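Trainee: need the 3D shape of this:
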Amino acid sequence: MAGPDADPAAQPVLGPDDLGIPLAEVATLVQFSSTFCAPCRSTRHVLERVAATAPGVTHVDLDVADHLALGERLAIDVTPTVLVLDAAGRVVRRATGVPTLAHVRAAIDQASGRRAG
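Mentor: Purely as a prediction, here's the structure:
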């Protein structure tokens, strides 16, 4: 999963009003999908598995067609796109395509301030 640009202040901050759910204690995995996107189903499976096994982590899947303004604000132009938010809602990682479990877990470690190991 790719990291954010060098300037953390330039990264968007998302909150419950944007996502429709409260932010998680450690990390929130935000998936942007579309209805007929086959890789989105695989991504959903990976992110749900991580959220189910990592305390303080939540997954939310947003259909870009239902969240056009947010998708534009975040420059979502490919599905699946995954954003990893820290506990304050800052985007700490962004990736397109189907992530691996290892990449998602490393991104969660970054969001929580732990070193990936």
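Trainee: drop to CA atoms for contacts and neighbour counts, all remaining ones
Mentor: Noted.
Trainee: how near is residue 38 to residue 44?
Mentor: Distance, residue 38 to residue 44, using CA to CA, to the nearest Å: 10 Å.
Trainee: who has more neighbours, the two?
Mentor: The residue with more neighbours, out of residue 38 and residue 44, is residue 44; 22 against 13, by other CA atoms under 10 Å.
Trainee: ok, that one to residue 114 distance?
Mentor: The value you get for residue 44 to residue 114, if CA to CA is used, is 24 Å.
Trainee: tell me where the model's unsure across the protein.
Mentor: Within the chain, the ranges that satisfy pLDDT under 70 run 1-10, 115-117.
Trainee: just checking, next helix/strand downstream of the helix or strand where residue 93 lies?
Mentor: In this structure, residue 93 sits in strand 91-96 according to DSSP states H and E. The helix or strand immediately downstream of strand 91-96 is helix 101-112, counting by DSSP H and E.
Trainee: list the buried ones in that next one?
Mentor: Of all the residues in helix 101-112, those buried under the rule 16 or more other CA atoms under 10 Å are 104, 105, 106, 107, 108, 109, 110, 111, 112.
Trainee: would JSON lines of these with distance to residue 65 be doable?
Mentor: Shown next, in JSON lines, are those (distance: CA to CA, whole Å):
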{"residue": "104", "distance to residue 65": "25"}
{"residue": "105", "distance to residue 65": "28"}
{"residue": "106", "distance to residue 65": "29"}
{"residue": "107", "distance to residue 65": "26"}
{"residue": "108", "distance to residue 65": "27"}
{"residue": "109", "distance to residue 65": "30"}
{"residue": "110", "distance to residue 65": "30"}
{"residue": "111", "distance to residue 65": "27"}
{"residue": "112", "distance to residue 65": "30"}
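Trainee: how about the residues you listed, which pair is most distant?
Mentor: Largest separation among these by CA to CA: 104 and 112, giving 12.4 Å.
Trainee: the strand holding residue 93 packs against which elements?
Mentor: With contacts defined as 3 or more CA pairs under 8 Å, 6 or more residues apart in numbering; DSSP states H and E, strand 91-96 has these neighbours: strand 81-86, helix 101-112.
Trainee: can we see that at 10 Å?
Mentor: On a contact count with 3 or more CA pairs under 10 Å, 6 or more residues apart in numbering; DSSP states H and E, strand 91-96 meets strand 27-33, helix 38-53, strand 81-86, helix 101-112.
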